[in-house]
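>>> Predicted structure and sequence below. I'll ask about it afterward.
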Amino acid sequence: MKFIGIVGTNATKSTNRQLLQFMQKHFSSRAEIEICEIKGLPAFNQPEDRVAPEGIQVLSDKVEAADGVIIATPEYDHTVPAPLKSVLEWLSYTSRPFIDKPVMIVGASYGALGSSRAQGHLRQILDAPELKARVMPSEEFLLGHSLQAFDDNGDLVYEDKVTELEECFDQFLQFVDITNQLIKNHSFQAEQNKNFSWEKASEGGNN
Amino acid sequence: MKFIGIVGTNAAKSYNRMLLQFMKKHFSDKAEIEILELTDVPMFDESDDQSDSDIIQMFNKKISEADGVIIATPEHNHSVPSALNSILEWMSFNLHPFDGKPVMIVGASLHPQGSSRAQLHLRQILDAPGVNATVMPGSEFLLGQAQKAFDENGDLKSEGTVDFLDSCFTKFQRFTEIANLLNVPEDLNFKPGTFEVTAKGHNGDLPMSVTLSKDRIEDIDIDTSTETQGIADVVFSRIPQEIVNGQTLNVDVISGASITSHGVIDGVARAVKMAGGNPEILKKRPKASNIVQKDEEYTTDVVVVGAGGAGLAAAAKVLDEDKKVIIAEKFPSPGGNTVRAGGPMNAADPEWQNTFDAIPGEAHRLKEIKDMKLDDIDPEYRDDFQELQKQIGEYLGSDGKYLFDSKLLFRIQTYLGGKRTDLQGNEIHGQYDLVKILTDHALESVKWLEKVGVSFDKNEVAMPVGALWRRGHKPMGPEGFAYIQALQKYVEDNGGKLMTETPVKELIIEDGKVCGVIARGANGQKITIHAESVVLASGGYGANTKMLKKYNTYWTEIDDDIQTSNSPAITGDGIKLGLSAGADLVGMGFSQMMPVSDPETGELFTGVQVPPANFIMVNQQGKRFVNEYGSRDQLTQAAIDNGSLFYLIADDGIKDTAYNTSQEKLDAQVKAGTLFRDDTLEGLAKQLKMDPEVLVDTIKKYNSYVDAGSDPEFGKDVFDLKAVKAPFYATPRKPAVHHTMGGLKIDTGTHVLNKDGKVIDGLYAAGEVAGGLHAGNRLGGNSLADIFTFGRIAGENSVEDKQRVEQND
């Protein structure tokens, strides 16, 4: 399986990046995880022409090609960081590669809560008609106290968390399989979603 | 009432903007609504803090001053747009203007849902601790199918909708009144007394006593005896002053000293707690400095940008010519990089130097110059070089036992010391006419400084670190600060106006002539200064890593987190101002590093700093990697090649040769984790995550080289002590930016030149902001000679050019 892992922040120092790097290493025998950065991608500004800037298109192609996507999100002000949201806005506004894509959400935070509220928001966001990702339900991986969570080799030091992450990842591998079966005969609706627009929806269109 | 309305998107077309514009118009008799746009707000990035930028400061100020805020949010993907997230993240990172602020949420969308889900997210976001707004409950205003909602005048068509908006707004006005009552300060009572706490300094904790009466902070006294003079003292005088004057803990931290600023504030907060008070009340009180200031306008003869040594010297010369001068300084106190200088300034003064005895090695150095081939010297220096060889010949022939020097030796050493080739094979050496001015006139600068009030120690001729000859004139008193102290007094006594915390943002250019500057004042006001001429004396760009990396052609790599020995003020502002006037640049790829700097702070005087004879430098694997006697450039490049971070290993005996420290300081640094100590080398290696065997082997070999007096590995040939006596120390070091040689292209009269080599009328530059003089490497002691010589010239010419023009007219 080939996944991409999106670092949900543009910060130079991020424990969410460390978490993805750990997953990349730890699960290397079971899946290939390519880590994608969002630093430096332009801020979404809803241009008339609906053309994705180059960096966004590159990321879009990677999402499109991947068997699944892992998003690691920090929490800023009870929600996902602006840079991550901006990327999702671009993708939903232009190429829409997330439609029917299996997605696993993970997150790390310095405090005890482990980005729980940001993850909740992210699920709702990915559910929007222009994104329509297949987010793995019933599994969440929250890493609290993330500043102390990694040793110098980048390994996760909390053993129970490693086990939890392993189980979560197992579930995701299965989820990817099941989702692919589920969406096999779904091309008509998927095509509709590709062309979804709120302008049309509000006119009673999109049918 | 005054409200701010934020358009929650940066899209060119927005129904939310229309909604706010309608509200502004419709409610104009009830309240003033000012609409703010997100178009120019940069994407939030916690690793690139832009809280100080104009746009973020503008939002902060407007929100702080408003009675309440109305946010109109569209819905993107079931949530608020990232552009709105971004401004809220900036407003909850270092600034917190939303704290306790009444907020009304409205939203418009194409869909019948009318941004309902976005509004719920927004409520949760505004509730986050960093934002902490007081959001009006209920009265949700959702405008669905917004594309049909407005008529051609931008008015809402539906009467029912307008009625509902009226009722929501009326409720918000009442809510604002009531919610703002929560922001009215509470009474505060202390148990009177003096409370001993600590404040965080650069070099460890500082004792602080806070005296409180029944309801006031009466006095804050901080013992700063362990801090570097001139750098930190602003924090320790200004912050306490603001706290006491304003009876508030809501004071702005001082840029470049945020840790120490917070240290003072936190210390006072602890004292308040000890006295039974609630420091949160003090933190919520209004800012002492937050009085809205009107824009200011001044007219003067010369405006100088930057109050370091060059700027103060230029200003002093303007005053000598009976003209008016204003100095605009970005930081709260004058001094720039000059206060960080070691002190001695180079000037050839043979009469004085000849009274000292020569020391071993000096004759050898002279002989090396005498034996150099003329072909190796660039053509413009050859006449001077041959004349110098003659002088040296006569001196050596007379068997001189005294210290030799001449303007020519100064000139040739400055030229030879500055010659470098970058990674692309470009050779650079000092521009002859500038080097000649420096070496001919530096002594006049010394004499002039004496007149201004700097006294020099005549009993010692110093060789500054990184210099080639003993010609340093060392001021009495505290190092670089001695110059600034005297010059500042001279300037102020003679009527010069020094405006601190006044960063210059742009030049005023009319018909190709520079005729003033526009700056920003401490309270955000615009300051316009009209002048006949502008002198840029704002220093180099050593504290601007982005700019360094952009121009660098000399080092194979510059780390993103590289530190600097420079003042954090030195960010290339003057170079950018010069570029805006069309200036040409020279030598920008060349920067100088100080190889043995603190990895966290860039400071030189932490850890165990010993003479090079006792340096043992090991890389992160525990192996030596360079001859410790190498030049600054050699040590720096070797460090970069070994991953930048390296360690100075010392034993107890070597530690005693340190010239920068005391056992107390070392103990504190070990405790703080900035210095490593262990009773065995193996233990030390473990602390440093090295293979113990490797480090033990390295030191064993080094000790054997000391015994043998020679080092077959790296060729170190001067040794002093072995590392044998526990405890052992490891001082982490990393190269830090020390000086930038490149800058604005100037002529010998300090006129800034454009790309065609023509003078830019009205613009002058002196000191590190200008390039061409030091070329690839600045000799120790030459920067002070540079700033006082070219600073004086800039001051003189900025007045005289104008007078000449008037005579010709």
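It's in.
>>> mind checking which helix or strand the spatially most central residue of chain A is in?
By CA atoms, centre = their mean, chain A has its centre lying nearest to residue A:71, at 3.0 Å. Using DSSP states H and E, residue A:71 sits within strand A:68-72.
>>> re earlier: help me confirm that the residue nearest to the centre of chain A comes into contact with residue A:105.
Yes: Residue A:71 lies in contact with residue A:105 (CB atoms under 8 Å); the separation is 5.5 Å. Glycine gets a C-beta too; all of them are placed from N, C-alpha and C.
>>> got the residues of chain A near chain B?
Residues of chain A lying close to chain B (CB under 8 Å from any CB of the partner chain) are A:9-13, A:39, A:43-46, A:48, A:76-86, A:88-89, A:92, A:117, A:121, A:124-128, A:130-131, A:152, A:198-199, A:201-202.
>>> Where does pLDDT dip in the stretch 201-350 of chain B?
Within the stretch 201-350 of chain B, the stretches with pLDDT under 70 are B:202-203, B:226-233, B:255-256, B:288-293.
>>> Find residues that contact each of residue A:71 and residue A:105.
Common neighbours of residue A:71 and residue A:105, counting by CB atoms under 8 Å, 6 or more residues apart in numbering or on different chains, are residue A:122.
>>> the helices in chain A, which residues?
Taking DSSP state H, the helices of chain A run over residues A:15-26, A:54-65, A:82-93, A:116-126, A:159-182, A:187-194, A:198-202.
>>> oh, I was asking about the stretch 101-250 of chain B
Here the stretch 101-250 of chain B has its helices, by DSSP state H, counting those that start in this stretch, at B:116-126, B:159-181, B:233-246.
>>> Any idea how far the next helix or strand along the chain from the last one is from the middle of the chain?
Note on helix B:233-246: by DSSP H and E, the next helix or strand toward the C-terminus is helix B:258-274. In terms of CA atoms, centre = their mean, to the nearest Å, the centre of helix B:258-274 is set 23 Å apart from its chain centre.
>>> buried stuff in the next helix or strand after helix B:258-274?
Where DSSP H and E defines the elements, the next helix or strand beyond helix B:258-274 is helix B:279-284. Buried residues in helix B:279-284, counted by 16 or more other CB atoms under 10 Å in any protein chain shown: B:279, B:282, B:283, B:284.
>>> Mind picking the two most distant members of these?
B:279 and B:284 (9.7 Å; CB to CB).
>>> what's near enough to touch residue B:461?
With CB under 8 Å, 6+ apart, residue B:461 has these contacts: B:352, B:353, B:356, B:403, B:470, B:471, B:472, B:473.
>>> whoops, residue B:375 was the one
Counting by CB under 8 Å, 6+ apart, residue B:375 has no contacts.
>>> quick one: secondary structure of it?
The assignment at residue B:375 comes out as helix when based on DSSP: H, G, I helix; E, B strand; the rest coil.
>>> Just give me the neighbour total for the nearest residue to residue B:141 once chain neighbours are set aside.
Excluding the flanking residues, the one nearest residue B:141 by CB to CB, 6 or more residues apart in numbering or on different chains is residue B:106, at 4.4 Å. Residue B:106: 26 surrounding residues under other CB atoms under 10 Å in any protein chain shown.
>>> same check, this time on the one 10 residues further on
Applying other CB under 10 Å, we find 16 other residues in the vicinity of residue B:116.
>>> Just the pLDDT for it.
In this model, residue B:116 is scored at 88, pLDDT.
>>> Now do it against chain A, distance only.
Distance of residue B:116 to chain A, given as CB to the nearest CB, to the nearest Å: 12 Å.
>>> For that residue, which residues are in contact?
Applying CB under 8 Å, 6+ apart to residue B:116 gives the contacts B:75, B:107, B:140, B:142.
>>> Distance check, residue B:381 against chain A.
46 Å.
>>> ok, now which ones touch that residue?
If you count contacts by CB under 8 Å, 6+ apart, residue B:381 has them with B:411, B:412, B:415, B:432.
>>> What number of residues are in the vicinity of residue 120?
Because you didn't say which chain, this covers chain A. Counted with other CB under 10 Å, residue A:120 comes out at 18.
>>> should've been chain B
A count of nearby residues for residue B:120, using other CB under 10 Å, gives 17.
>>> pLDDT wise, what is it at?
On the pLDDT scale, residue B:120 gets 94.
>>> Report the secondary structure state of residue B:571.
The three-state label given to residue B:571 by three-state DSSP is coil.
>>> That one is in contact with residue B:547, isn't it?
Yes: counting by CB under 8 Å, residue B:571 touches residue B:547, with 7.4 Å between them.
>>> So for those two, which sits in the more crowded spot?
Comparing residue B:571 with residue B:547 by other CB under 10 Å, the one with more neighbours is residue B:571, at 23 against 19.
>>> anything in contact with each of residue B:571 and residue B:547?
Taking CB under 8 Å, 6+ apart as the contact rule, residue B:571 and residue B:547 both touch residue B:541.
>>> Count the residues that sit near residue B:193.
There are 12 residues near residue B:193, going by other CB under 10 Å.
>>> which residues touch stretch B:384-391?
B:369, B:370, B:372, B:374, B:377, B:406, B:408, B:409, B:411, B:412.
>>> Sorry, wrong one. I was asking about stretch B:153-163.
If you take CB under 8 Å, 6+ apart as the criterion, stretch B:153-163 is touched by B:18, B:21, B:22, B:25, B:26, B:143, B:148, B:149, B:150, B:151, B:165.
>>> Now for the residues you listed: which two are most distant?
Largest pairwise distance in the contacts of stretch B:153-163, by CB to CB, is 19.6 Å, between B:25 and B:148.
>>> give me the low-pLDDT residue ranges for chain A?
Counting by pLDDT under 70, the ranges of chain A that qualify are A:185-190, A:198-207.
>>> Narrow the residues of chain A next to chain B to those that are buried.
A:9-11, A:39, A:43-46, A:76-86, A:88-89, A:92, A:117, A:121, A:125-126, A:128, A:130-131, A:198, A:201-202.
>>> How about the secondary structure of residue B:327?
State at residue B:327, reduced to three classes by three-state DSSP: strand.
>>> Dig out what it forms beta bridges with.
Beta-bridge partners recorded for residue B:327 (DSSP bridges): residue B:304, residue B:498.
>>> Spell out the residue ranges of the strands in the stretch 651-800 of chain B.
B:676-678, B:728-740, B:743-744, B:751-753, B:759-765 (DSSP state E, counting those that start in this stretch).
>>> Let me have these in CSV, adding mean neighbour count as columns.
Formatted as CSV, the strands of the stretch 651-800 of chain B follow (neighbours: other CB atoms under 10 Å in any protein chain shown):
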stretch, mean neighbour count
strand B:676-678, 20
strand B:728-740, 26
strand B:743-744, 28
strand B:751-753, 24
strand B:759-765, 25
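>>> of all those, which lies closest to residue B:506?
The minimum distance between residue B:506 and the strands of the stretch 651-800 of chain B falls on strand B:759-765, with 12.8 Å, by CB to CB.
>>> Sort out which residues of stretch B:460-470 are buried, please.
Residues B:461, B:462, B:463, B:464, B:466, B:467, B:468, B:469, B:470 are the ones in stretch B:460-470 that count as buried (16+ other CB under 10 Å).
>>> same thing with stretch B:97-106?
Those would be B:97, B:98, B:99, B:101, B:102, B:103, B:104, B:105, B:106, for stretch B:97-106 by 16+ other CB under 10 Å.
>>> hang on, residue B:298 in a strand?
Yes: looking at residue B:298 with three-state DSSP, it is inside a strand.
>>> Would you agree residue B:363 is in contact with residue B:396?
Yes: applying CB under 8 Å as the test, residue B:363 and residue B:396 come out as touching, 6.5 Å apart.
>>> ok, these two, which is more surrounded?
The neighbour count for residue B:363 versus residue B:396, taken as other CB under 10 Å, is higher for residue B:363 (17 against 14).
>>> Now for the nearest residue to residue B:768 once chain neighbours are set aside: which residues touch it?
Sequence neighbours aside, residue B:540 is the residue nearest to residue B:768 in space, at 3.8 Å (criterion: CB to CB, 6+ apart). Applying CB under 8 Å, 6+ apart to residue B:540 gives the contacts B:337, B:566, B:570, B:572, B:575, B:739, B:740, B:741, B:742, B:743, B:768, B:769.
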